[in-house]
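Novice: Let's see this in three dimensions:
(one chain, ligands or ions: 1)
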Amino acid sequence: MLVRGDPIYIRSSIHSSGKGLISILNVAHIIGSKQFDQAALGELFASAKEMENITLQGGSNLLAGKIMCSLFFEASTRTRFSFESAMHRLGGSVIGTENAAQFSSAIKGETLEDTIRVVSGYCDLIVMRHTEVGAAQRAAAVSTVPIVNAGDGSGEHPTQALLDLFTIQKELGRIDGIHIAMIGDLTYGRTVHSLSYLLSNYKDVKITFIAPDNAVIPQGVKQFLDEKGINYEETSDLTKAAETVDVFYQTRIQKERFPSLEEYNKASGQYIIDRQLLDHMKEEALILHPLPRAGEIHADVDTDPRAAYFRQAQNGLYMRMAIIEQCLRAK
Ligand code: NCD
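Specialist: Model (predicted):
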């Protein structure tokens, strides 16, 4: 049953009510993490689990005849391939470009708004990654089909945060009460912003932010956590924090977003997860990373059962199947 026009939420799928999709001009979008509440997250997790079963059984034709456009203005491996694979696994088809900055009319000076107006006439859903904060919001303002924000500069990356949380739930069996350390580039790392917002939906969560001095968590994220009453701290002692942490969320220093190479060099190499650190971690801790890594988790950590980042990347497929299904049902 599809209902259009709800000011905030749109009912969507056979699996779920579709809570969490934000509606602009009667189209449901995923722009940022703040749009999800706990009920919406629970529905997405249940759907993602179902998508895992569907995948293990060889896929489905649920979305036959539907077309997804992947419009990537920035580099991507996991996000784009998992979205495209997700669409294929559900029987839909994909158009797109992995280098929209060069291979779309953007290079001829076309505005993002014009590109979206045109492309939304050729497909049922647009998954977009862009260099600028707020680009997904701008796209949604003119699109006739759902926009899924696959990363907008150093702003947000909500679908990554959804799969991160799904992974925590799957691996630890709970989200309430966890102590999570977010490590690395907390200024420009959009996944950290989105994950912090999502975590504010859960009880007794504690967040420890560990970052180089020139890559600390933005004031706006802290203000949001304050408003939600979330317990957080900032520290520089990773080894000490390690003793009580349930989830390590390590991130890459976002070289491409630093104002200068000098600033990047200052930030890089400070917080590393290596075999020595493993000795300070709880037995049942979890190590996550949105990937790609660039030296901040040593390869010899990979064989430790607590290293969950490749399982996390796999979960991205199931979560994105759930997301696509929900967006298309809502339309
Ligand atoms: C992240 C991104 O693009 O924000 N990667 C991803 O989508 N899995 C993290 C990064 O680039 O460091």
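
Novice: Where does pLDDT dip in the stretch 1-150 of the chain?
Specialist: When residues are selected by pLDDT under 70, those of the stretch 1-150 of the chain lie in 1-19, 24-26.

Novice: any idea where the helices of it begin and end?
Specialist: Assigned by DSSP state H, counting those that start in this stretch, the helices in the stretch 1-150 of the chain fall at 38-56, 78-89, 100-103, 112-119, 135-142.

Novice: now these as CSV including mean neighbour count and distance to the ligand?
Specialist: C-beta coordinates here come from the backbone N, C-alpha and C atoms, glycine included. Listed next are the helices of the stretch 1-150 of the chain as CSV, based on neighbours: other Cβ atoms under 10 Å; distance: least, Cβ to the nearest ligand atom, whole Å:
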stretch, mean neighbour count, distance to the ligand
helix 38-56, 18, 16
helix 78-89, 22, 4
helix 100-103, 14, 15
helix 112-119, 17, 18
helix 135-142, 21, 13
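
Novice: what does the stretch 201-331 of the chain have sitting close to the ligand?
Specialist: Taking Cβ under 6 Å from any ligand atom as the measure of proximity, the stretch 201-331 of the chain contacts the ligand at 252, 254, 290-291.

Novice: Between these, which sits nearest residue 280?
Specialist: Nearest to residue 280, judged by Cβ to Cβ, of those is residue 252 at 22.0 Å.

Novice: hang on, the earlier thing: what two of the residues of the stretch 201-331 of the chain next to the ligand are the furthest from one another?
Specialist: Using Cβ to Cβ, the two most remote members of those are 254 and 291, lying 13.0 Å apart.

Novice: Between the two ends of stretch 174-192, what distance do you get?
Specialist: This stretch, stretch 174-192, spans 19 Å end to end (Cα to Cα, to the nearest Å).

Novice: That one close to the ligand?
Specialist: Yes. Shown here: stretch 174-192 in contact with the ligand (Cβ under 6 Å from any ligand atom) through 190-191.

Novice: Give me the distance between residue 192 and residue 181.
Specialist: Here residue 192 is placed at a distance of 11 Å from residue 181 (Cβ to Cβ, to the nearest Å).

Novice: repeat for residue 244
Specialist: Applying Cβ to Cβ to residue 244 and residue 181 gives a distance of 9 Å.

Novice: Ok, residue 89 next?
Specialist: Going from residue 89 to residue 181 by Cβ to Cβ gives 33 Å.

Novice: quick check: angle from the longest helix seen in the chain to helix 78-89?
Specialist: Ranked by number of residues, the top helix in the chain under DSSP state H is helix 309-330. Angle between the axes of helix 309-330 and helix 78-89 is 50 degrees (criterion: axes from the mean of the first three to the mean of the last three Cα atoms, to 10 degrees).

Novice: Show me what counts as buried in helix 309-330.
Specialist: For helix 309-330, burial by neighbour count (16 or more other Cβ atoms under 10 Å) applies to 309, 312-330.

Novice: now swap in stretch 196-204 and tell me
Specialist: Using 16+ other Cβ under 10 Å as the test for burial, stretch 196-204 gives 196-202.
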